[in-house]
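J.: Model the following, please.
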Amino acid sequence: MATDALPPPASTAPAQPTTEAFIEVQESAEFGELRRSHRAFAFPLTIAFVLWYLLYVLMSSYAGDFMGTKVVGNINVALVFGLLQFVTTFLIAWLYSRHASTQLDPKAAAIKSRMEADA
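T.: From the prediction side, this is the model:
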């Protein structure tokens, strides 16, 4: 019995690297540099933000008179510090986005393309 069915299409997905290839890349100097670049940016900013947040919480708990100081009208220091938490969050996200697109993404893309070419 002959059928007129077409053969299944060939896969167009890129070949997947082996586990050994991933381990080799993970141990490479290039990947180490990518990881260092990420950590050198992310860890200090994370620590700075956590300390900034803890300062806000501690001052709210133990420096009530200072935090209650009026800045303009009914706006006090506590409200300004609280709003600055949001500003800081968005600033860090923007800085990380810039850092990733200029420093991390090109290195990661080079590693990825090399791995896909070798697979």
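J.: Show me the shaky parts of the protein.
T.: 1-3, 5, 7-15, 119 (pLDDT under 70).
J.: Residue nearest the middle of the protein, spatially speaking?
T.: Tyr96 (6.2 Å; Cα atoms, centre = their mean).
J.: mind checking how far it is from Gln16?
T.: Separation of Tyr96 from Gln16 (Cβ to Cβ, to the nearest Å): 29 Å. (Glycine included, C-beta is placed from N, CA and C.)
J.: Longest helix in the chain, by number of residues?
T.: Secondary structure of the chain per DSSP state H: the longest helix is helix 29-62.
J.: Next SSE downstream of that one?
T.: helix 64-67 (DSSP states H and E).
J.: Which positions within the helix or strand just after that next one qualify as buried?
T.: Proceeding N to C from helix 64-67, the next assigned helix or strand is strand 70-72, under DSSP H and E. Buried residues in strand 70-72, counted by 16 or more other Cβ atoms under 10 Å: none are found.
J.: Tell me which other helices or strands strand 70-72 touches.
T.: Where contact means 3 or more Cβ pairs under 8 Å, 6 or more residues apart in numbering; DSSP states H and E, strand 70-72 is packed against helix 77-99.
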